[in-house]
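[1] Model the following, please.
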Amino acid sequence: MKPRICVSIMPKTMTEFETLWIDALKSEPDYIEVRLDHLNEPVKFKEPSWKNGIIKIATDRFKCEDAERSLCEERFRNLIKTSNEGFDYVDLEVSTDNIKAKVENLRECGVKIILSHHDWKRTPEVKELKNILKNMSKIGADAYKIVTTARRLEDNLSTLNFLSQASRRFKIVCFAMGELGKISRIMSPMFGGLFTVASLKHGGETAPGQIPIDDLKTIYEKISLKLEE
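    This next block holds a predicted model:
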């Protein structure tokens, strides 16, 4: 068993992106997610950095509902330009305006789609999580990501129970955010999750409860879960 890890970086400038990208490659993850939330221009790679076997995900969680429509359209154009830089996946929030059309636009660029749902307030029960996935699957994606917020330890059980069932039919990522959700972040790959998400280092978290990738690898080693097939 190989628990797959995605390290997430969120640069504020292209100069910072280049530094974080190199550091992320050195951490030897299975996936790298580049969060574009603070960048107002497309990502451009300097060869040979992008020529490697690591799967690359482009994500923009910029809240367009608070912005002018023209700005939102400009950000989506930047996301398309970024996807053409050799990214494998683009992660889109399911609540994005005109989501079906945007999924098709991105598919035409040759990228795969991760369709995401984030609940920043709570962790729904398993039945509700199944309904969320059912509705997301009607839009269609190559993988799904359902991330909740843990308010109690038992929320970890809900996400992992749901994940163990859903992963039989779908490529899916599911865990709970926050300090109380760290158990599900660690255990989700063993319950069928496509990957779990780690920070590059302490202070570099892009979401609550992320564990630095080096610490996460140490945990897997300590509990005798091999990192190689």
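[2] I'd assumed Trp120 was in contact with Arg151.
    No. Applying Cβ atoms under 8 Å, one finds Arg151 not in contact with Trp120, separated by 11.3 Å. C-beta here means a position set from N, CA and C on the backbone, and glycine is covered the same way.
[3] how deep is the closest residue to Met14 other than its chain neighbours tucked in, by neighbour count?
    Of all residues not flanking Met14 in the chain, Glu41 sits nearest, at 6.8 Å (Cβ to Cβ, 6 or more residues apart in numbering). Glu41 is flanked by 13 other residues according to other Cβ atoms under 10 Å.
[4] How far off centre is the least confident helix or strand in the chain by mean pLDDT?
    Ranked by mean pLDDT, DSSP states H and E, the weakest helix or strand in the chain is helix 69-83, scoring a mean of 87. What separates the centre of helix 69-83 from the centre of its chain is 19 Å, taken as Cα atoms, centre = their mean, to the nearest Å.
[5] In what element of secondary structure is the closest residue to Asp119 other than its chain neighbours found?
    With Cβ to Cβ, 6+ apart as the criterion, Asp119 has its nearest non-adjacent residue at 4.5 Å, and that residue is Thr148. Element membership of Thr148, judged by DSSP states H and E, is strand 143-149.
[6] so what strands line up beside that strand?
    Within its sheet, and counting by DSSP bridges, strand 143-149 is paired with strand 112-118 (parallel), strand 172-177 (parallel).
[7] Can you name the next helix or strand after the first one?
    Stepping forward along the backbone from strand 112-118, the first helix or strand reached (DSSP H and E) is helix 126-139.
[8] Remind me what that next one packs against, helices and strands.
    helix 99-107, strand 112-118, strand 143-149, helix 154-166 (3 or more Cβ pairs under 8 Å, 6 or more residues apart in numbering; DSSP states H and E).
[9] right, and Leu115 touches Tyr89 too?
    No. Judged on Cβ under 8 Å, Leu115 makes no contact with Tyr89 at a distance of 10.5 Å.
[10] which neighbours do these two share?
    Ala143 (Cβ atoms under 8 Å, 6 or more residues apart in numbering).
[11] quick revisit: using CSV, please lay out the helices and strands packed on helix 126-139 together with mean pLDDT and distance to Met136.
    Formatted as CSV, the entries for the helices and strands packed on helix 126-139 read as follows, by pLDDT from 0 to 100; distance: least, Cβ to Cβ, whole Å:
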stretch, mean pLDDT, distance to Met136
helix 99-107, 95, 10
strand 112-118, 98, 5
strand 143-149, 98, 6
helix 154-166, 98, 11
